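Student: missing the sequence, but the structure's below:
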């Protein structure tokens with residue numbers, strides 16, 4: 001009986017704990033631990049509790065009465081800690097003067113949320129237990145968050161919060177205020193940059209590409225990493241020498257290709273002199289001389305003479321075949337006439353043999369001659385067919401040779417045009433790089449374009465933010481009356497941009 005009673009009491013206790021948990025869990029989820037404790041403290045103060053000596057129905061004193069009855073310095077916290085917290089102030093944290101390194105689109109932030117909850121003072125077996133605070137991290141909110149293209153980030157249970165353009169201190173205050181507005185809890189937020197978009201550098205630098213951002217990054221530091229082109233260093237001087245040598249080789253190669261193009265064009269047109277309207281004729285004369293031009297013209301004449309000889313030989317061979325075909329045709333005609341005569345004589349002798357007017361021997365001789373004439377006719381026909389086939393083959397070979405010659409010359413002309421165009425493109429690139437390296441004839445201009453599309457003129461100490469595009473390009477020196485429009489910089493050069501630019505001297 002006692003065991004059944006004990007089991008019933010245990011079951012009742014489990015049910016009571018479960019019912020209490022069903023009430024406490026949604027309250028903690030919605031209001032946090034601090035809200036739950038405040039509600040629990042209020043309900044306890046209204047209904048009263050059982051004192052340690054077992055006396056029931058006696059209301060327990062609230063925190064204010066306990067604080068008044070205790071001597072100063074006892075350690076009991078102010079009962080105001082049990083009052084609902086107020087919204088955090090974000091005004092000072094978001095002062096624009098503190099936003100030297102604001103967050104940008106593409107930043108990844110490490111946000112950590114810490115919630116503070118107050119435990120009310122209670123009376124224990126040994127006396128009054130003073131009020132205390134509990135601080136714990138909200139792991140359901142802490143994590144890595146990225147600022148998207150809308151300049152905001154999405155936080156669980158809080159929603160979208162605009163963070164781009166704010167400093168870390170401002171982000172902490174704004175997120176804490178958003179958490180209070182959304183959940184009614186007071187949290188302490190810590191923010192740090194986990195990853196930042198790289199800085200992109202392009203234009204007149206030795207190593208264009210992306211570079212990692214670091215606090216305090218400026219144009220001077222970025223260009224120090226990318227390697228600003230400057231004719232004063234030894235590497236640039238060596239590069240200038242190499243560029244000049246390469247330019248000389250390319251100019252000679254282009255002149256040689258242009259000269260060969262003149263010869264091929266003349267061969268296609270059947271001209272025995274080189275065309276004088278080529279746009280690179282003067283460069284050919286300057287780079288290769290008149291003797292080289294005359295030698296190419298002699299080679300053209302020799303090649304045309306060889307083609308003329310081949311064509312004349314082909315015509316002679318074709319004429320010889322035509323003559324042989326005519327002779328074979330006449331022989332075939334004579335052989336057919338002779339065969340017809342022998343066949344007619346054979347028929348006549350066969351008739352006379354039946355009349356006993358001729359002998360069998362004579363008839364046999366006529367048959368033999370008729371068979372020989374038919375064989376000769378077949379030989380002449382075979383010869384005529386072979387000669388006709390040989391003439392067709394010769395004509396086809398002549399046509400194929402002419403077609404192949406034209407195709408090869410056209411292909412060679414296209415190859416030469418491509419080689420000339422490639423050389424001209426490389427020469428243009430060399431000229432542009434020489435202008436970059438020659439500080440006496442060119443200036444550089446630096447432009448910074450932000451992720452939002454804005455563009456600003458840059459000087460050496462201009463800050464560079466994550467995701468910025470730093471463009472370095474070459475421009476002509478500004479006129480003397482326009483010097484006031486330039487920016488001063490330790491660089492000897494700077495850069496114009498297609499959006500907005502400023503010279504850096």
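Tutor: Thanks, I have the structure now. What you are looking at is a predicted structure, and each value in this text was computed from that prediction instead of being measured. Numbering: from 1, shown residues only.

Student: tell me the helix or strand right after the worst-scoring helix or strand of the chain on mean pLDDT.
Tutor: Ranking every helix and strand in the chain by mean pLDDT, DSSP states H and E puts helix 63-69 at the bottom, with a mean of 40. Counting by DSSP states H and E, the next helix or strand C-terminal to helix 63-69 is strand 108-119.

Student: buried set for that following strand?
Tutor: With burial defined by 16 or more other Cβ atoms under 10 Å, the residues of strand 108-119 counted as buried are 108-109, 111-119. Every C-beta, even on glycine, is put in place using the N, C-alpha and C of the backbone.

Student: likewise for stretch 323-340?
Tutor: Neighbour counts over stretch 323-340 (16+ other Cβ under 10 Å) mark 324-325, 328, 331-332, 335-336, 338-339 as buried.

Student: a markdown table please, covering those residues and showing pLDDT.
Tutor: As requested, these are exported to a markdown table (pLDDT from 0 to 100):
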| residue | pLDDT |
| --- | --- |
| 324 | 90 |
| 325 | 91 |
| 328 | 89 |
| 331 | 89 |
| 332 | 90 |
| 335 | 88 |
| 336 | 89 |
| 338 | 88 |
| 339 | 88 |
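
Student: and which of the residues you listed is nearest residue 101?
Tutor: Each of the buried residues of stretch 323-340 was scored against residue 101 by Cβ to Cβ, and residue 325 proved nearest at 97.3 Å.

Student: okay, residue 161: pLDDT?
Tutor: The score at residue 161 is 93. That number is its pLDDT.

Student: ignore the last one, residue 468
Tutor: At residue 468, pLDDT is 90.

Student: what does the one 4 residues further on give?
Tutor: Per-residue confidence for residue 472 comes out at a pLDDT of 86.

Student: what count of nearby residues applies to it?
Tutor: By the measure other Cβ atoms under 10 Å, the count of residues near residue 472 is 29.

Student: spell out the residue ranges of the helices in the protein.
Tutor: For the chain, the helices defined by DSSP state H occupy 2-47, 63-69, 168-183, 219-226, 234-269, 281-354, 360-437.

Student: so what secondary structure elements neighbour the longest one?
Tutor: What it means is helix 360-437. With contacts defined as 3 or more Cβ pairs under 8 Å, 6 or more residues apart in numbering; DSSP states H and E, helix 360-437 has these neighbours: helix 234-269, helix 281-354, strand 469-475.

Student: go again with 7 Å.
Tutor: Packing contacts for helix 360-437, counted by 3 or more Cβ pairs under 7 Å, 6 or more residues apart in numbering; DSSP states H and E, involve helix 234-269, helix 281-354.

Student: quick check, central residue of the protein?
Tutor: Geometric centre of the chain, nearest residue: residue 209, 12.0 Å, by Cα atoms, centre = their mean.

Student: where does it land on pLDDT?
Tutor: With respect to pLDDT, residue 209 scores 90.

Student: what's it in contact with, if anything?
Tutor: Residue 209 sits next to residue 201 when contact means Cβ atoms under 7 Å, 6 or more residues apart in numbering.

Student: if I look at it, how far off is residue 458?
Tutor: Using Cβ to Cβ, to the nearest Å, we find residue 209 at a distance of 18 Å from residue 458.

Student: and residue 139, by the same measure?
Tutor: Separation of residue 139 from residue 458 (Cβ to Cβ): 44 Å.

Student: okay, those two: which has more neighbours?
Tutor: Shown here are residue 139 and residue 458; by other Cβ under 10 Å, residue 458 has more neighbours (31 against 9).

Student: ok, and the closest non-adjacent residue to the more buried one?
Tutor: Spatial nearest neighbour of residue 458, chain neighbours left out: residue 446 (4.0 Å); criterion: Cβ to Cβ, 6 or more residues apart in numbering.

Student: same check, this time on residue 106
Tutor: residue 197 (3.9 Å).

Student: list the contacts for the one you found?
Tutor: 104, 106-107, 466-467.

Student: straight-line length of stretch 138-153, end to end?
Tutor: Terminal residues of stretch 138-153 lie 18 Å apart, using Cα to Cα, to the nearest Å.

Student: relative to the whole chain's centre, how far out is it?
Tutor: 28 Å (Cα atoms, centre = their mean, to the nearest Å).

Student: list the buried residues of it.
Tutor: Using 16+ other Cβ under 10 Å as the test for burial, stretch 138-153 gives 138, 141, 145, 147, 151-153.

Student: what would those look like in TSV with distance to residue 471 and pLDDT?
Tutor: As requested, the buried residues of stretch 138-153 are exported to TSV (distance: Cβ to Cβ, whole Å; pLDDT from 0 to 100):
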residue	distance to residue 471	pLDDT
138	44	90
141	41	91
145	31	95
147	24	93
151	24	89
152	29	92
153	29	93
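
Student: from the residues you listed, which two are the most distant?
Tutor: Farthest-apart pair in the buried residues of stretch 138-153 is 138 and 151; separation 24.6 Å (Cβ to Cβ).

Student: and which of the buried residues of stretch 138-153 is nearest to residue 162?
Tutor: Of all the buried residues of stretch 138-153, residue 152 has the smallest distance to residue 162: 4.5 Å, by Cβ to Cβ.

Student: the closest one against residue 160, yeah?
Tutor: Yes. Contact criterion Cβ atoms under 7 Å: residue 152 and residue 160 qualify, at 4.6 Å.

Student: tell me, how many neighbours does the nearest residue to residue 236 once chain neighbours are set aside end up with?
Tutor: Distance criterion Cβ to Cβ, 6+ apart; nearest residue to residue 236, sequence neighbours excluded, is residue 437 at 4.9 Å. Counted by other Cβ under 10 Å, the residues lying close to residue 437 total 23.
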